[in-house]
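Asker: sequence isn't available, so here's the structure alone:
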């Protein structure tokens, strides 16, 4: 199992020459059956990172370029007339891939954004009076630019809550940027990238993640963190039970990446900010979509609530 994970991480890192922790968090989301929102300035490798993960797995990949005129049926699919049978049949949209990249997701309207809600939370699409199950594994990787407000629509809280993590890539270190200039991975390495994991191997890794042991003391710690957010005077919305579940699942995935069959306190602590900061709403947010204030409050709560030894 560890050998498979190492192959996957090495494959992604051969193209995305940046922060190794970002690669681990992306893989952790895959293991935890979660979705990830990658938020950062243009040009730091958001799309390359998503493509590298998709190409490293022998699975179906679809890219949705989000625009203001994108319709919900452009994502989920629609009924089309089959002239041979003289009847309508459902033609599946790009959401029916294993790995779905929703590029610049905040450029499309809330109505279209909400079309992904059922798919992300329940693994199915309801259309034309029927339910259509999505393939397994299924993962949505959404990207957005946090500094462009004109012509964008901030994701509502119920949509943000469906993402296991919200991560930022940051600028690469000088040595990594030199490698990017030398290799130009988006033009060379990415196109030549071959799958290193099959679908069945990914499903087996996800099952192994579900089986990781989470002690009662760690479960109590997660609940204490959630309770602290609900009682904090600076927050309008605290962490929901879905958020508590997300921390636990992310901690299990982190343990698997470390080669353990049980969680330790560090697995929880490491995931609190990327899992929780986008799920809480501050009373003093500077603007809609502000995450800096929420991260600051979440960091304070993390330092205040004692962790188990």
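Answerer: Arrived safely, thanks for sending. Keep in mind that what you see is a predicted model, and the values were worked out from it rather than measured. Residues are numbered from 1 along each chain as shown.
Asker: for the most centrally placed residue in the chain, report the pLDDT, please.
Answerer: By CA atoms, centre = their mean, the chain has its centre lying nearest to residue 36, at 1.0 Å. If you check residue 36, the pLDDT there is 96.
Asker: which strand or helix spans the closest residue to it other than its chain neighbours?
Answerer: Counting by CB to CB, 6 or more residues apart in numbering, residue 36 lies nearest to residue 29, which is 4.4 Å off, once chain neighbours are set aside. (C-beta placed from N, C-alpha, C; glycine too.) Following DSSP states H and E, one finds residue 29 within helix 20-31.
Asker: strand partners of the very next helix or strand once past that helix, parallel vs antiparallel please.
Answerer: With elements assigned by DSSP H and E, the helix or strand that comes after helix 20-31 is strand 36-39. Sheet pairing of strand 36-39 (DSSP bridges) gives strand 139-144 (parallel), strand 165-167 (parallel).
Asker: tell me the buried residues in the following helix or strand past strand 36-39?
Answerer: Counting by DSSP H and E, the next helix or strand C-terminal to strand 36-39 is helix 46-56. For helix 46-56, burial by neighbour count (16 or more other CB atoms under 10 Å) applies to 46-56.
Asker: just to check, residue 104 is in contact with residue 145?
Answerer: Yes. Contact criterion CB atoms under 8 Å: residue 104 and residue 145 qualify, at 6.8 Å.
Asker: neighbour count for those two, which is higher?
Answerer: More crowded of residue 104 and residue 145, by other CB atoms under 10 Å: residue 104, with 19 against 16.
Asker: how many neighbours does the nearest residue to the more buried one once chain neighbours are set aside have?
Answerer: Residue nearest to residue 104 in three dimensions, not counting chain neighbours: residue 66, with 5.0 Å by CB to CB, 6+ apart. The number of residues packed near residue 66 is 22, by other CB under 10 Å.
Asker: same deal with the one 5 residues further on?
Answerer: Residue 71: 14 surrounding residues under other CB under 10 Å.
Asker: excluding chain neighbours, what is closest to it?
Answerer: Nearest to residue 71 is residue 112, by CB to CB, 6+ apart, at 6.3 Å.
Asker: show me the contact partners of whichever strand or helix holds the one you found.
Answerer: In this structure, residue 112 sits in helix 110-113 according to DSSP H and E. Contact partners of helix 110-113, identified using CB atoms under 8 Å, 6 or more residues apart in numbering, comprise 66, 70-72, 74-75, 105, 153, 155-156, 159.
Asker: which residues of the stretch 51-200 of the chain fall in helices?
Answerer: In the stretch 51-200 of the chain, the helices defined using DSSP state H, counting those that start in this stretch lie at 72-76, 110-113, 117-122, 157-160, 174-183, 189-192, 199-210.
Asker: including distance to residue 185, could the buried residues of helix 46-56 go into CSV?
Answerer: As requested, the buried residues of helix 46-56 are exported to CSV (distance: CB to CB, whole Å):
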residue, distance to residue 185
46, 14
47, 12
48, 7
49, 11
50, 14
51, 10
52, 8
53, 14
54, 15
55, 12
56, 13
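Asker: thought residue 56 was touching residue 198?
Answerer: No. Between residue 56 and residue 198 there is no contact under CB under 8 Å: 11.0 Å.
Asker: surely residue 238 is in contact with residue 232?
Answerer: Yes. Contact criterion CB under 8 Å: residue 238 and residue 232 qualify, at 6.8 Å.
Asker: gap between residue 157 and residue 245?
Answerer: Between residue 157 and residue 245 the distance is 17 Å, computed by CB to CB, to the nearest Å.
Asker: scratch that, residue 21
Answerer: 23 Å.
Asker: kindly report the same for residue 302.
Answerer: The gap separating residue 302 from residue 245 is 18 Å, by CB to CB.
Asker: can you tell me which residues contact residue 160?
Answerer: 37, 166, 278-279.
Asker: which of these lies closest to residue 216?
Answerer: For the contacts of residue 160, the minimum distance to residue 216 (CB to CB) is 23.5 Å, reached by residue 279.
Asker: once you drop chain neighbours, what's closest to that closest one?
Answerer: The shortest distance from residue 279 to any non-neighbouring residue, by CB to CB, 6+ apart, is to residue 243 (4.6 Å).
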